[in-house]
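Student: Have a look; sequence and predicted model below, questions after that.
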Amino acid sequence: MPIGFLIGFAFAAILLYFAASTMKNLISFITCIVLGLVFIFYRSTYPTKESNEPLKITTWDAYGYYLHLPAMIIYKDVKKLSFQDSIDQKYQLSGGNFYQANIHEKTGNYVFKYLGGVSIIHLPLFLAAHVYAQQSTFSPDGFSAPYQHAIGYGVVLYAILALFVLRKVLLKYFSDSITSISLAAIILATNAIQYISIDSAQSHAPIFLLYCIILWLTQKWHEKPSFLLAFFSGLIIGLATISRPTEAIMVLIPILWNTHTKEAAKQKWALVKAHLPMVYLAAIGGIIGILPQLIYWQYVTGFFIYDVGSAWRFLNPFFRVLFGFEKGWFIYTPVTIFFVIGFFYLKDFPFKKSVLWFCLLNIWIIISWSDWKYGGSYSTRALMQSYPVFILAFSAFIQRYWVGSTRYVIGLVLCTLIGINLFQINQYNKTVLHYYDMNRAYYSEIFMNPSVSPLQKSLLDNPDWISNESNYSKELVLKTDSTLTLNVYQDSSNIFFQNKFNLQNYQYLKVNLTLDAQPGLGGASIHSLIQDSNQSKENKIRLSYPEVLYGKKNEYSFYIQLPKLDTAASCTFYIQTRDSLWLNISQFSIEGFSNVK
């Protein structure tokens with residue numbers, strides 16, 4: 001495998017360069033090694049052995065970023081994507097609805113919705129996997145096991161390289177110990193592990209590397225300007241732009257670097273003026289960086305520019321991206337609060353304005369996207385790739401307070417946040433911490449909870465809740481010992497229980513049942529309808545709740561807060577589903593809660 005050895009040798013050489021001066025800064029070097037081992041551990045842990053699932057990471061959005069490579073190199077078909085249906089049927093990658101490409105109205109060709117920069121970054125990994133697949137028993141189709149492992153573990157190697165590049169940048173301004181603390185915090189106390197080691201085929205980890213590189217290139221150019229540094233700075237910015245267009249604001253980093261004071265700014269612009277040819281070369285590098293995307297668009301649409309269809313709300317952004325319990329950045333990864341606090345401690349650093357303007361504008365852009373939940377994600381994943389810039393502010397904050405007894409407080413806080421984050425990553429990958437449907441009530445019940453009950457899981461869908469049952473008098477309204485086998489159909493009533501009860505004295509009902517679950521429950525839910533002559537109340541919970549055991553019995557419980565009922569109420573319980581399936585329902589009971597003590 002000559003190409004594999006060549007790629008490995010090049011990676012090792014680059015890593016050795018950025019790991020130089022190891023003995024002088026041993027703590028941060030060891031930190032990078034340990035964090036690299038953490039990456040590998042999490043990559044090798046998921047999917048779990050219990051799931052019996054093969055590694056499959058080029059799915060959903062990641063499928064869109066990756067699809068360029070097999071389409072161009074293996075199938076040589078980027079217009080009709082004739083291979084897509086058979087590949088998706090074989091591997092189930094698109095999510096069931098091929099949204100990763102749009103049909104161009106004028107040409108009838110497919111146009112990738114996701115830009116091609118990430119595929120360019122993945123190219124060495126893809127080529128190594130393709131050569132191996134051709135010489136093995138695996139199918140060289142671009143999606144079999146060698147390709148999944150190459151992207152999954154290759155991105156981890158990229159991230160390890162990124163850490164050493166970032167370490168080199170940080171050591172220019174901060175001590176070895178501060179650098180170590182900062183690197184550990186941005187990896188272990190944030191969602192970085194999730195998008196580097198587990199969802200590694202997404203765009204975030206490769207762009208994380210680009211941010212580390214642009215910081216290093218910017219730093220080196222301001223120390224000693226050169227044409228090579230200028231060209232690669234432009235190239236990296238161009239490549240980042242065609243990875244995610246919003247990353248184009250990366251250009252603010254070199255532009256505003258070393259403008260933190262009037263005198264420094266005067267020297268900076270004098271330096272730029274003295275090296276204008278390098279600036280022009282950087283611009284050429286940027287054009288070359290974005291050129292592959294422009295050529296692709298022209299080839300499939302006939303135009304150099306194509307609107308992929310994003311919508312923005314810049315004048316009315318969604319601050320819940322930061323503060324909301326759905327996926328709020330400050331809520332689920334609260335160490336990021338210190339990233340922002342660090343803005344106030346940048347006064348004497350040459351990167352002050354670069355960090356301030358970039359980070360503030362980046363946050364505003366991210367919270368302005370109309371799809372503010374960003375699909376399935378842990379915390380705000382769209383900010384993860386720019387952590388190398390935020391770490392500069394965070395390090396300034398840590399340096400300011402890592403003195404005397406204060407450092408013990410900071411250390412305790414960071415260790416606590418790391419523990420919480422690692423626990424939540426485990427919850428997230430069990431869907432206990434849900435990728436899309438989180439809310440405040442549910443989060444308060446699962447927070448640091450290693451054993452979430454079916455009743456607590458009902459809060460994903462059902463807002464009705466009793467915080468302490470002992471405050472109520474409880475009575476058994478109904479209990480059935482029989483097992484009901486129910487054939488459930490789409491667009492059918494699927495009622496499994498219906499009767500009238502006198503519920504006027506109750507404030508709440510608690511419904512319990514056991515159900516034999518089976519694959520295909522993703523769209524199924526249990527519904528209750530309580531109604532008398534004047535009013536009604538409907539509740540529902542999903543059947544595929546977190547940690548559901550397919551093919552085994554699962555317990556379900558949920559509360560119903562009753563309206564004020566005047567007469568006997570009809571109680572109806574039924575199943576809604578997107579697919580036909582059969583269920584065994586047993587141990588169905590209803591409890592009434594009344595008379596607050």
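Tutor: Yes, it's here. Numbers count the residues shown, from 1 in each chain.

Student: Can you list the low-confidence ranges for this protein?
Tutor: For the chain, the stretches with pLDDT under 70 are 1-8, 11, 20-23, 596-597.

Student: my guess is residue 144 meets residue 134, correct?
Tutor: No - with contact defined as Cβ atoms under 8 Å, residue 144 and residue 134 do not form a contacting pair (11.1 Å). C-beta here means a position set from N, CA and C on the backbone, and glycine is covered the same way.

Student: Neighbour count for those two, which is higher?
Tutor: Using other Cβ atoms under 10 Å as the criterion, residue 144 and residue 134 rank with residue 144 on top: 18 against 11.

Student: residues contacting the more buried one?
Tutor: 133, 138 (Cβ atoms under 8 Å, 6 or more residues apart in numbering).

Student: The one 4 residues further on now?
Tutor: Applying Cβ under 8 Å, 6+ apart to residue 148 gives the contacts 54, 55, 56, 57, 58.

Student: Quick check on those residues: which are buried?
Tutor: Listed as buried from the contacts of residue 148 are 55, 56, 57, 58; burial here means 16 or more other Cβ atoms under 10 Å.

Student: Dump those into TSV; add secondary structure as well.
Tutor: As requested, the buried ones among the contacts of residue 148 are exported to TSV (DSSP: H, G, I helix; E, B strand; the rest coil):
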residue	secondary structure
55	coil
56	coil
57	coil
58	coil
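
Student: which residues of this protein fall in strands?
Tutor: If DSSP state E is used as the criterion, the strands of the chain fall at 101-103, 110-112, 473-479, 484-488, 495-501, 508-516, 525-531, 536-542, 553-561, 569-576, 581-594.

Student: Please produce JSON lines containing those, extended by distance to residue 63 and mean neighbour count.
Tutor: Listed next are the strands of the chain as JSON lines, based on distance: least, Cβ to Cβ, whole Å; neighbours: other Cβ atoms under 10 Å:
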{"stretch": "strand 101-103", "distance to residue 63": "10", "mean neighbour count": "15"}
{"stretch": "strand 110-112", "distance to residue 63": "10", "mean neighbour count": "21"}
{"stretch": "strand 473-479", "distance to residue 63": "47", "mean neighbour count": "14"}
{"stretch": "strand 484-488", "distance to residue 63": "31", "mean neighbour count": "14"}
{"stretch": "strand 495-501", "distance to residue 63": "38", "mean neighbour count": "15"}
{"stretch": "strand 508-516", "distance to residue 63": "33", "mean neighbour count": "21"}
{"stretch": "strand 525-531", "distance to residue 63": "28", "mean neighbour count": "19"}
{"stretch": "strand 536-542", "distance to residue 63": "25", "mean neighbour count": "17"}
{"stretch": "strand 553-561", "distance to residue 63": "30", "mean neighbour count": "19"}
{"stretch": "strand 569-576", "distance to residue 63": "29", "mean neighbour count": "20"}
{"stretch": "strand 581-594", "distance to residue 63": "27", "mean neighbour count": "18"}
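
Student: Out of those strands, the one nearest residue 445 is which?
Tutor: strand 553-561 (12.4 Å; Cβ to Cβ).

Student: Does anything pack onto that closest one? Which helices or strands?
Tutor: Judged by 3 or more Cβ pairs under 8 Å, 6 or more residues apart in numbering; DSSP states H and E, strand 553-561 is in contact with helix 454-457, strand 508-516, strand 525-531, strand 536-542.

Student: The shortest one - contacts with which helices or strands?
Tutor: Other helices and strands packing on helix 454-457, by 3+ Cβ pairs under 8 Å, 6+ apart, are helix 440-446, strand 553-561.

Student: Quick one: distance of the last one to the chain centre.
Tutor: Taking the mean of its C-alpha atoms, strand 553-561 sits 30 Å from the chain's own mean (Cα atoms, centre = their mean, to the nearest Å).

Student: ok, and what's touching it?
Tutor: By Cβ under 8 Å, 6+ apart, strand 553-561 touches 453-455, 458, 462, 464-466, 507-517, 526, 528, 530, 537, 539, 541, 543, 545, 548, 586.

Student: any idea how far residue 70 is from residue 118?
Tutor: 14 Å (Cβ to Cβ, to the nearest Å).

Student: who has more neighbours, those two?
Tutor: residue 118 (27 against 24).

Student: For that one, which residues are in contact?
Tutor: Under the criterion of Cβ under 8 Å, 6+ apart, the neighbours of residue 118 are 65, 66, 203, 206, 207, 243.

Student: how does it look with 6 Å?
Tutor: Listed by Cβ atoms under 6 Å, 6 or more residues apart in numbering, the contact set of residue 118 reads 65, 203, 206, 243.

Student: Would you convert the helices and strands packed on helix 454-457 into TSV that also reports distance to residue 418?
Tutor: Formatted as TSV, these follow (distance: least, Cβ to Cβ, whole Å):
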stretch	distance to residue 418
helix 440-446	19
strand 553-561	33
